[in-house]
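A.B. asks: I'll drop the sequence and a predicted model, then ask my questions.
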Amino acid sequence: MIKATLTSLILISSLNASEYSDWLASQNQSFYSYKKSLDDEFSDMLKKQWQEYNAMYKKTAYEKPKPKVLPVVKKVKKIPKKDLVKSIKVKPKKIVIKKAIPKNVVIKKIIKNGYLSKNINFYNQNIKITYDEKLKYDLYNINNKTISNGWLKLSKADYKSLIKQIKQYSTKYTLNDWAKYQLIYNIGLAIYDNKNQANIFTWFIFTKMGYDTKIAYSNQNIYLLANTKQKLYQVSFFNVNNKRYYILTPKGKINSTEPLYTYDSSYKNAIKPLSFDMHKHEIGLYTNIQARDLKFNYNNKKYQINTKYSADLLDFYKTFPQSQYDLYYSSKNSSAIHNTLLVQLKPLVKGKTELEAVNLLLRFVQTSFAYKTDQEQFNYEKVFFPEETVYYRYSDCEDRSIMFSYLVKNLLGLDVVGVKYNDHMSAAVHFSSNVKGDSFTYHNKKYIMTDPTYVNANVGMTMPQYSRSKFTIINQSLF
């Protein structure tokens, strides 16, 4: 190695300026070719025989259908004063008005010959991207060879500047991976005006960004496959090399079981699973803000809450595949909900004991929203974020449990967990002092049952049909 280096140095020292320039260019070209050979190698692999896979499908996380009619406590009871005296005064969390997002991020424009521009309406946000016209190519047939050629065409264009713009917009609107997928797919659709090419483009960009994605095809369609951090329901998937890859579509769900062809290998360093997390940042889609009045009674007193929500965010949530429940409990909710619902409920719990404050929030969730199962309302299972519970006319048990938990955590600062039966979802709260009622111990803490779907039920009451039923705990602090 030392001799080779010395020889190179002697050779370089003997060159004139013009010869040195030519030599340096050839060395740079060799290095560039080596980098490109990763794509050539991957493209060659794609031309080999793909395997046929049969999709699998898990419809719901529940073992039985949810009940269509739920019991109501006919005679509303006040909490005895002696129990209230034993409960300590609540210490409401400080509600800081959130500033509007998106963030102030400057998207750098590219002005070069051979570069084109597209304007994209992304949930009412104006997205303008500039891209290398070499990214465009024709797709006449659907098979592994044409997909391989598509990869090679894309790899020889300037895709890095486009990825940089995607990252800047992702920062501006605090997009999670699912929102990034929506953005990238829409960019692909704008460039190609073809769903199959948009999927190839999305696969290429995601792979180059380090995500563990694949492509699959049938006779007429090309699909994006992604390994995900969370489990998904109502979404077809394949097991490839002991990993689960879900078929992703912009609408969020596909239950097709048609056999598809895909490959076993992976692109080097593309190992990140696609994540649906929203526990650190809210999605910044706030162009269209709307409002709704929510009314409820507590202790013979009427209350009205005017809460606002983002219609843009609701459109985004409509695409969200059903995922595991801890994600919904732990997600950051919107500024619109935070600045209205929390702000208006805070004075109602201020000065009350923990027991009465939790009971008031229970009554709010139990009676402000009408009940209907997802099957009745949508004909499929759909888990709501609090924004959706405010918007939709009906909600069911897990939606109320998520909403109630959001209020308890963000207003009172108390620990709360989800309680999942085989056909129902409830909640339970850990109080600072001893509280009477149905309870269980979890992680050395006593949790009192609080069912946001059992209308007019107080803290500590379990629906009669679940009084002896087994349940699992949805931990809301896993992230």
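C.D. replies: Here it is on my side, so go on.
A.B. asks: and Val343, what helix or strand is that in?
C.D. replies: helix 343-349 (DSSP states H and E).
A.B. asks: what does that helix contact?
C.D. replies: Identification of contacts with helix 343-349 by C-beta atoms under 8 Å, 6 or more residues apart in numbering yields 90, 92, 95, 97, 303, 305-307, 357, 360-361, 364, 407, 411-412. Every C-beta, even on glycine, is put in place using the N, C-alpha and C of the backbone.
A.B. asks: where's the dip in pLDDT among those residues?
C.D. replies: Among these, Ile97 carries the weakest pLDDT, at 80.
A.B. asks: pretty sure that one is touching Asn339, no?
C.D. replies: Yes: the criterion here is C-beta atoms under 8 Å, and Ile97 meets it with Asn339 at 5.4 Å.
A.B. asks: of these two, which one has the most company?
C.D. replies: Set side by side, Ile97 and Asn339 show more neighbours around Asn339, with 18 against 10, by other C-beta atoms under 10 Å.
A.B. asks: the more buried one contacts Lys308, correct?
C.D. replies: Yes: Asn339 is within contact range of Lys308, at 7.4 Å (criterion: C-beta under 8 Å).
A.B. asks: just the ones in strands from the contacts of helix 343-349, please.
C.D. replies: Within the contacts of helix 343-349, residues falling in strands by DSSP state E are Tyr303, Ile305, Asn306, Thr307.
A.B. asks: among those residues, which ones are buried?
C.D. replies: Using 16 or more other C-beta atoms under 10 Å as the burial test, the ones in strands among the contacts of helix 343-349 include Tyr303, Ile305, Thr307 as buried.
A.B. asks: which of those lies closest to Gln182?
C.D. replies: Thr307 (25.7 Å; C-beta to C-beta).
A.B. asks: who are the contact partners of that closest one?
C.D. replies: Thr307 neighbours (C-beta under 8 Å, 6+ apart): Ala291, Arg292, Leu294, Ala336, Ile337, Thr340, Leu341, Gln344, Val390.
A.B. asks: so the second one touches Thr389, yeah?
C.D. replies: If I follow you right, that is Arg292. No: here Arg292 lies out of contact with Thr389, judged by C-beta under 8 Å, at a distance of 10.4 Å.
A.B. asks: these two: which is more packed in?
C.D. replies: Taking neighbours as other C-beta under 10 Å, Arg292 and Thr389 compare with Thr389 leading, 22 against 14.
A.B. asks: show the subsequent helix or strand relative to the helix or strand harbouring that one.
C.D. replies: Using DSSP H and E, Thr389 falls within helix 386-391. Once the chain leaves helix 386-391, the next helix or strand it forms, by DSSP H and E, is strand 394-395.
A.B. asks: if you count contacts, what does that following strand end up packed against?
C.D. replies: If you count contacts as 3 or more C-beta pairs under 8 Å, 6 or more residues apart in numbering; DSSP states H and E, strand 394-395 packs onto strand 370-371.
A.B. asks: neighbouring strands of the strand it packs on in the sheet, and parallel or not?
C.D. replies: strand 394-395 (parallel) (DSSP bridges).
A.B. asks: okay, Asn124 and Tyr173: tell me how far apart.
C.D. replies: According to C-beta to C-beta, to the nearest Å, Asn124 and Tyr173 sit 11 Å apart.
A.B. asks: hmm, I was thinking of Ala427
C.D. replies: Separation of Ala427 from Tyr173 (C-beta to C-beta) stands at 31 Å.
A.B. asks: for Asp212, same thing?
C.D. replies: As judged by C-beta to C-beta, Asp212 and Tyr173 stand 24 Å apart.
A.B. asks: neighbour count for the two, which is higher?
C.D. replies: Higher neighbour count among Asp212 and Tyr173: Tyr173, with 24 against 19, using other C-beta under 10 Å.
A.B. asks: wait, that one touches Ala179, no?
C.D. replies: Yes: counting by C-beta under 8 Å, Ala179 is a contact partner of Tyr173 at 7.3 Å.
A.B. asks: list residues touching both of these two?
C.D. replies: Jointly contacting Tyr173 and Ala179 under the rule C-beta under 8 Å, 6+ apart are Ile283.
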